[in-house]
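In: This is a predicted model, with the sequence first.
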Amino acid sequence: MKRDRGLSVVTTSWDDGHPLDIRIADRLANYGLTGTFYVPKQVSWPVMSSAQIRDVSSRFEIGSHMLEHRMLDQLSDGEAREQLSGSRGWVEQVTGKPCRTICFPGGRYRQEQLSLVREAGYLSARTTELLSTEFPRRVEGLALISTTVQAYPHSPLAYTKNALKRRSLVNLMRTGALFYRRTWLRLARKLLERTLSRGGVFHLWGHSWEIEQERQWDRLEELLAVMAANKDKLTIATNSELESYALS
């Protein structure tokens, strides 16, 4: 797809497959927004049942989060192939729909493993790089998707560590995230306004269990309302749909 200059896209994604994801899905539906839910098959915490996953998939996209939420950069090639292909096959079996996007647990991967991800049939992969409003970039045949804001009260230090780890200090300085001191909603509104005025991708993500733990539901609701109020100026997309906007 040809990317129009100044195009403003909004997407959301939600990790770990916790049963509280259903609460996220209901809120997205109420505001006419969409999202991608990344669900592992077998983990130590509660996850949605197959029936619940199918219900969410009838309204939203389900992506891969590895079979057992294992960190890709810690796996041998053989183990990686098993986790990558097995997860995609399981998602497709449960939902009856193609699975073409994956979120790396912990955002961790090695550059040389991207060919394995593509070999397993994925077209895009979501990272945990924060503070970005850039369109995905294409690497090793994959569209690598960064994020803008996590629905979590990060400290300025946490944003700094993320920027250093992801080699994205320019995002840290450009957004002024150092001055927001755990007020992620204010930061999100600022970056949404910038996306609306300059174009790019506003990507909200989080964990439903963390939103519950940190009592962030009201803040999430407020941001979703702002996003919905600007729908006429935004292109609403799932994570896998961002692949068509990827830059080489």
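Out: In hand now; what should we look at?
In: buried ones in the longest helix belonging to the chain?
Out: Of all the segments of type helix in the chain, defined by DSSP state H, the longest one is helix 77-95. For helix 77-95, the neighbour count (16 or more other CB atoms under 10 Å) marks 80, 82-92, 94-95 as buried. In this view, the C-beta of every residue, glycine as well, is placed from N, C-alpha and C.
In: Run through the neighbouring helices and strands of that helix.
Out: Identification of packing neighbours for helix 77-95 by 3 or more CB pairs under 8 Å, 6 or more residues apart in numbering; DSSP states H and E yields helix 50-57, strand 61-64, strand 101-103, helix 114-119.
In: Please identify which of those is closest to A163.
Out: When these are compared for distance to A163 using CB to CB, the nearest one is strand 101-103, at 19.5 Å.
In: in the protein, which spans are strands?
Out: 8-15, 36-39, 61-64, 101-103, 124-126, 137-139, 142-145, 149-150, 200-206, 235-236 (DSSP state E).
In: got those strands as CSV, with mean pLDDT, distance to L192 and mean neighbour count columns?
Out: Listed next are those as CSV, based on pLDDT from 0 to 100; distance: least, CB to CB, whole Å; neighbours: other CB atoms under 10 Å:
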stretch, mean pLDDT, distance to L192, mean neighbour count
strand 8-15, 98, 8, 24
strand 36-39, 98, 18, 28
strand 61-64, 98, 21, 27
strand 101-103, 98, 21, 29
strand 124-126, 98, 19, 27
strand 137-139, 95, 21, 14
strand 142-145, 97, 17, 24
strand 149-150, 96, 9, 25
strand 200-206, 98, 5, 24
strand 235-236, 97, 13, 15
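In: Make TSV out of the ones you listed and add distance to S76.
Out: TSV is the format used below for the strands of the chain (distance: least, CB to CB, whole Å):
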stretch	distance to S76
strand 8-15	24
strand 36-39	23
strand 61-64	19
strand 101-103	18
strand 124-126	19
strand 137-139	22
strand 142-145	20
strand 149-150	30
strand 200-206	29
strand 235-236	39
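In: quick one: contacts for E134?
Out: S146, G200, V201 (CB atoms under 8 Å, 6 or more residues apart in numbering).
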